[in-house]
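Colleague: Sharing a sequence plus its predicted fold:
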Amino acid sequence: MRKKVIAGNWKMNMLPDAAIRFIDGLTPVVKDSQNEVILCVPYTDLFYSLLAAQNTNIKIGAQNLHWEEFGAYTGEVSAPMLKSIGVQYVIIGHSERRQYFKESDDIVNKKLKMAHLHDIKPIVCVGETLNEREEGKAVEVITNQIEKALEGLSKEQVLKTIVAYEPIWAIGTGKTATADDANSAIKSIREKIGMLYGADVAEEVIILYGGSVKPTNAKELFSMSDIDGGLIGGASLKLEEFENIINYNK
Ligand code: 13P
């Protein structure tokens, strides 16, 4: 039985004081939660957030890392750096990074390997553009992305990887994939993982949906057979909305 994972992606939002207030507010809400709750915060919030989330049910993640451990990469942050302060999760290959920072499938793959090398759980994102969907290529695009992202990983590493299916046309647009469309895209990712790593891995790997998840659609999405929770952008910035998403089945 796969557990549900609700992850917030704050993107480039939230100053440290707001981050601490948010985590303090969320702490009692998730005290007895059976769901795994993760907040992926900006680098400048990490340390404060980790302190605020100590002894709570909230896990803290970063939104990116570099594919090398150390070196002359001005402005970059590495896996050992994240690990040294206690970061447990990292988003890799978000479509905004693929689009604005030209992250290729090869870079995404290198970053995944680096995260695993330092025992940081990656949340790897895949998703098609609106054009690709309209041309009937969505499944081909996302299964290719997943194959390239996971290339060279062991079964154990794939099992420790969280996948997020985020159709690009649904991110920040208010347009959500229908629960059936999201579920069938996620099923095709699961099938691909089954072909590459075996049915047992496919059955266990956690796959989230992301793209305009809100309190009003969370229950329908997260109740689908293959959707194991969500990666939430805008609605993870508002405590009440994020709480209602976490408590989607109450
Ligand atoms: P929104 O929930 O704002 O659409 O963002 C989704 C996302 O990109 C999460 O990584």
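Modeller: Alright, I've got the coordinates.

Colleague: what does the model give the residue of the chain found nearest the ligand for pLDDT?
Modeller: Nearest to the ligand, among the residues of the chain, is Gly233, at 2.2 Å (Cβ to the nearest ligand atom). Glycine gets a C-beta too; all of them are placed from N, C-alpha and C. Gly233 is assigned a predicted lDDT (pLDDT) of 98.

Colleague: next one: Ala177
Modeller: Reading off the model, Ala177 has pLDDT 85.

Colleague: and it, how many neighbours does it have?
Modeller: A total of 25 residues lie near Ala177 under the criterion other Cβ atoms under 10 Å.

Colleague: what's near enough to touch it?
Modeller: Pro167, Ala170, Ala185, Tyr209, Gly211 (Cβ atoms under 8 Å, 6 or more residues apart in numbering).

Colleague: Tell me the most packed of those, by neighbour count.
Modeller: Neighbour-wise, these (other Cβ under 10 Å) top out at Tyr209, 32 neighbours.

Colleague: Just confirm it is within a strand.
Modeller: Yes: applying DSSP: H, G, I helix; E, B strand; the rest coil, one finds Tyr209 inside a strand.

Colleague: which phi and psi does the most far-flung residue of the chain relative to its centre have?
Modeller: Farthest-out residue of the chain from its mean C-alpha position, per Cα atoms, centre = their mean: Ala72, at 27.9 Å. With angles defined as degrees, to the nearest 10, Ala72 sits at phi -80, psi 80.

Colleague: likewise Tyr165?
Modeller: Taking degrees, to the nearest 10 as the convention, Tyr165 sits at phi -90, psi 110.

Colleague: Give me every residue in the chain lying close to the ligand.
Modeller: Contacts of the chain with the ligand, taken as Cβ under 6 Å from any ligand atom, map to 9, 94, 166, 171-172, 210-213, 231-235.

Colleague: Please convert the buried members of these into ChimeraX selection syntax.
Modeller: Applying 16 or more other Cβ atoms under 10 Å to the residues of the chain next to the ligand, the buried members can be selected in ChimeraX as follows:
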select :9,94,166,171,210,211,212,213,231,232,233,234,235
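
Colleague: which SS state does Val124 fall under?
Modeller: What three-state DSSP gives for Val124 is strand.

Colleague: which residues touch Ile23?
Modeller: Leu39, Ser49, Ala52, Ala53, Thr56, Ile58.
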